[in-house]
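Peer 1: Here is a sequence together with a model predicted from it:
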Amino acid sequence: MQVTVVSGSVYGTADLVADEAAARLAAAGLQVSRVKPATVDALLASQPQAIVLCTSTTGMGELPDSLLPFYHELQDRFPLFTGVPFGVIALGDSSYGDTFCQGGQLLRELMLELQAREALPMLQLDASETVTPELDAEPWIDELAALLKG
Ligand SMILES: Cc1cc2nc3c(=O)[nH]c(=O)nc-3n(C[C@H](O)[C@H](O)[C@H](O)COP(=O)(O)O)c2cc1C
């Protein structure tokens with residue numbers, strides 16, 4: 001099972017969580033491609049059988065600048081990932097209210113439009129609640145690894 005991990009971040013936290021996720025999935029015995037920076041060509045070239053997307057939210061519920069070209073290119077090229085399992089790790093801060101983890105939500109909705117299959121409900125990591133998101137993500141990553149290994 002080939003798993004591709006893509007991330008976007010403003011200050012580096014989401015990239016760090018994605019690095020941890022990639023290492024943990026690999027340690028669980030999965031084949032992992034860590035695509036950084038995020039490009040559609042690199043994602044497609046990795047021939048993903050599963051996709052993990054990790055992003056923070058910036059502005060008023062927006063994706064980080066490092067992910068915007070990727071997001072718009074996915075919308076334009078619209079490569080179908082029919083049935084491909086995916087999961088989103090969303091970093092945010094609940095003090096932003098309605099836009100909490102909106103960046104992750106944008107990615108999630110786009111992947112569903114591309115006909116990918118959400119393997120696990122989106123993980124939301126709240127900066128108001130934790131300063132160790134990479135540790136808090138571990139149970140979700142382990143659950144995903146178990147699902148993918150079937
Ligand atoms: C200017 C700014 C705007 C933000 N806007 C949002 C937001 O709309 N919704 C949200 O959930 N979090 C928001 N956040 C919180 C970040 O997503 C959160 O701190 C995250 O952990 C940062 O991760 P990063 O280091 O990968 O960028 C914002 C943070 C900053 C500094």
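Peer 2: That came through fine. Residues are numbered from 1 along each chain as shown.

Peer 1: CA atoms for contacts and neighbours, from now on please.
Peer 2: Fine.

Peer 1: now for the helix or strand containing residue 54, which elements pack on it?
Peer 2: Here residue 54 sits within strand 50-56, counting by DSSP states H and E. Secondary-structure packing of strand 50-56 (3 or more CA pairs under 8 Å, 6 or more residues apart in numbering; DSSP states H and E): strand 2-8, helix 13-27, strand 85-92, helix 102-113.

Peer 1: try 10 Å
Peer 2: Counting contacts by 3 or more CA pairs under 10 Å, 6 or more residues apart in numbering; DSSP states H and E, strand 50-56 packs against strand 2-8, helix 13-27, strand 31-35, strand 85-92, helix 102-113, strand 117-118, strand 123-126, helix 138-149.

Peer 1: Moving C-terminal from the third one, which element do we reach first?
Peer 2: Read in the C-terminal direction, the helix or strand following strand 31-35 is helix 40-45, with elements assigned using DSSP H and E.

Peer 1: and residue 94, how far is that from the ligand?
Peer 2: In this view, residue 94 and the ligand are 6 Å apart by CA to the nearest ligand atom, to the nearest Å.

Peer 1: ok, now residue 140?
Peer 2: Using CA to the nearest ligand atom, we find residue 140 at a distance of 17 Å from the ligand.

Peer 1: same deal with residue 123?
Peer 2: From residue 123 over to the ligand (counting by CA to the nearest ligand atom), the distance is 12 Å.

Peer 1: Which residue is the nearest non-sequential neighbour of that residue?
Peer 2: residue 89 (4.8 Å; CA to CA, 6 or more residues apart in numbering).

Peer 1: how many other residues sit next to the one you found?
Peer 2: 29 (other CA atoms under 10 Å).

Peer 1: quick one: residue 77 and residue 39 touch, right?
Peer 2: No. Residue 77 is beyond contact range of residue 39, at 12.0 Å (criterion: CA atoms under 10 Å).
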